[in-house]
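>>> Compute the structure for the input listed below.
(one chain, ligands or ions: 1)
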Amino acid sequence: MRALLLENLHPLASSLLTEAGIEVESRSGALSEDELITVLERFDLLGIRSKTEVTGRVLAAHPDLVAVGAFCIGTNQIDLDAATERGIAVFNAPYSNTRSVVELAIANIIAMARRLTVRDKALHAGVWDKSSDGSHEIRGRTLGIVGYGNIGSQLSVVAEMLGMQVYFYDTEEKLALGNARRCSSLEELLDTVETVTLHVDGRAGNAGIFDATRIARMRPRSLFLNLSRGFVVDYDALRDALVSGHVAGAAVDVFPVEPVRRGDRFDSPLRGLPNVILTPHVGGSTEEAQEDIGRFVATKLRNYVQTGSTALSVNLPTLTPGHSSHAQRVAHIHHNTPGVLAKVNQVFAEHDVNIGGQVLATRGQTGYVVTDTGSDLSPAVVRALRGVPETIRVRVID
Ligand SMILES: NC(=O)c1ccc[n+]([C@@H]2O[C@H](COP(=O)([O-])OP(=O)(O)OC[C@H]3O[C@@H](n4cnc5c(N)ncnc54)[C@H](O)[C@@H]3O)[C@@H](O)[C@H]2O)c1
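This is a model prediction of the structure:
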């Protein structure tokens with residue numbers, strides 16, 4: 001197996017794959033579609049971050065690619081349908097930066113409650129403004145979390161450890177952790193809490209949900225955070241509320257339009273306001289998160305290569321077979337229609353291959369069966385498996 005790792009991935013990714021006997025070539029930048037098509041010829045695995053587009057054209061040119069590792073959170077840069085149609089597994093790291101976002105949210109809450117940016121600016125300007133006016137402990141204060149998913153629920157635990165009273169609102173039924181209390185509507189949450197923090201996902205319906213009406217509904221002198229998605233909030237309305245004093249402080253990490261490159265100019269109605277912390281979408285950007293992403297995705301690729309495990313794959317059915325003690329293992333990805341398993345097993349029976357163990361999972365239109373066999377598989381058996389009409393891919397795992 002050979003892996004091509006692009007976009008300067010954490011060195012842990014390369015070392016984990018190399019230790020597993022996979023030959024690795026690393027490159028620092030992203031590749032264009034045409035470059036990728038040319039270079040991929042020699043590789044079985046591809047590792048990317050967000051800048052390399054793995055389009056349907058790339059995958060059509062390399063249908064034998066075994067797996068793609070997205071060493072990041074999102075997978076929008078990969079044509080997932082095209083990958084699934086060809087039985088190419090895709091893995092990502094959905095949870096690796098959760099803790100980093102939570103820590104930034106906590107830092108922001110404390111910084112706003114103590115008006116740290118205001119104090120900092122004054123002192124840098126040579127003004128000794130020592131006063132307790134408008135400065136608060138966060139212990140005992142109420143925090144309202146909108147969106148109780150990976151980040152929202154972990155923030156709930158950490159905020160509670162710091163003595164905050166946590167309330168949350170989620171459109172789905174969610175288990176309340178610790179002493180957190182569920183609100184039955186966003187309005188109930190806004191009426192209740194002193195600090196509102198958004199951790200909703202990027203579904204289209206969330207566009208502009210935090211508008212002038214919802215901002216006005218917040219309790220007077222509340223604090224506000226958005227570390228989720230830029231398009232969720234009307235920032236002009238937030239600016240008005242900050243200027244009028246209705247909102248006492250805001251911390252914003254995500255914007256509807258964000259500059260593409262480091263060093264590019266940034267503009268926002270929120271620039272220049274006191275007690276407003278603006279950060280350039282760095283909620284999840286820590287060295288620890290990068291290391292975790294490197295370890296997480298490389299481990300998923302390695303396990304898929306060595307055992308056929310599709311645990312946490314973005315696009316294939318989930319199977320987590322351990323290491324096999326049988327002669328050989330064969331992974332069969334197929335179109336999920338009735339009778340495929342019978343046809344696969346018919347092939348084994350006709351070739352006198354004993355089945356030592358077998359697991360099947362399906363996901364939508366795709367089925368995945370991993371079979372441990374009692375004897376080595378001859379090329380004829382593999383050919384016959386490929387001949388099953390519903391077959392997408394057959395991979396023999398030693
Ligand atoms: N700032 C950063 O650097 C950074 C880093 C990582 C993630 N994020 C963003 O943070 C957000 C949360 O990430 P996550 O991993 O916790 O996602 P998640 O999918 O685990 O959780 C999102 C939660 O929001 C809920 N939800 C969706 N719409 C809602 C609404 N209108 N009202 C109430 N609840 C709603 C969902 O039911 C879900 O429980 C995402 O938008 C993600 O893109 C930002």
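
>>> Find the closest residue to the ligand in the stretch 101-250 of the chain.
Residue of the stretch 101-250 of the chain nearest the ligand, by Cβ to the nearest ligand atom: residue 149 (1.8 Å). C-betas here are computed from N, CA, C, even on glycine.

>>> since we're on that residue, how many residues are nearby?
16 (other Cβ atoms under 10 Å).

>>> so what's residue 105 up against?
By Cβ atoms under 8 Å, 6 or more residues apart in numbering, the contact list for residue 105 reads 151, 155, 197, 225, 227, 251, 283.

>>> Mind checking which of the residues you listed land in strands?
Applying DSSP state E to the contacts of residue 105, the entries found in strands are 197, 225, 251.

>>> So which of the residues you listed reach the ligand?
Among those, not one lies near the ligand by Cβ under 6 Å from any ligand atom.

>>> Can you classify residue 137 by secondary structure?
coil (DSSP: H, G, I helix; E, B strand; the rest coil).

>>> The nearest residue to it once chain neighbours are set aside: neighbour count?
The shortest distance from residue 137 to any non-neighbouring residue, by Cβ to Cβ, 6 or more residues apart in numbering, is to residue 113 (7.2 Å). Look at residue 113: counted by other Cβ under 10 Å, it has 21 neighbours.

>>> cool, the one 10 residues further on as well?
The number of residues packed around residue 123, counting by other Cβ under 10 Å, is 12.

>>> pretty sure it is in a helix, no?
Yes - looking at residue 123 with three-state DSSP, it is inside a helix.

>>> And it, what's its pLDDT?
We have a pLDDT of 97 for residue 123.

>>> Then residue 261?
Reported pLDDT for residue 261: 80.

>>> Equivalent analysis for the one 5 residues further on, please.
The pLDDT attached to residue 266 in the predicted structure is 96.

>>> Would you check that it makes contact with residue 279?
No - taking contacts as Cβ atoms under 8 Å, residue 266 lies outside contact range of residue 279: 10.8 Å.

>>> neighbour-wise, which of the two wins?
Neighbour count, other Cβ under 10 Å: between residue 266 and residue 279, residue 279 has more, with 15 against 12.

>>> The longest helix seen in the chain: which residues count as buried?
When the chain is parsed with DSSP state H, its longest helix is helix 287-307. Using 16 or more other Cβ atoms under 10 Å as the test for burial, helix 287-307 gives 289-290, 292-307.

>>> Determine the number of other residues adjacent to residue 220.
For residue 220, the neighbour count with other Cβ under 10 Å is 11.

>>> and if you look at the one 5 residues further on?
In terms of burial, residue 225 registers 26 neighbours under the definition other Cβ under 10 Å.

>>> if I pick residue 75, what's in contact with it?
Residue 75 touches 90, 92, 314, counting by Cβ under 8 Å, 6+ apart.
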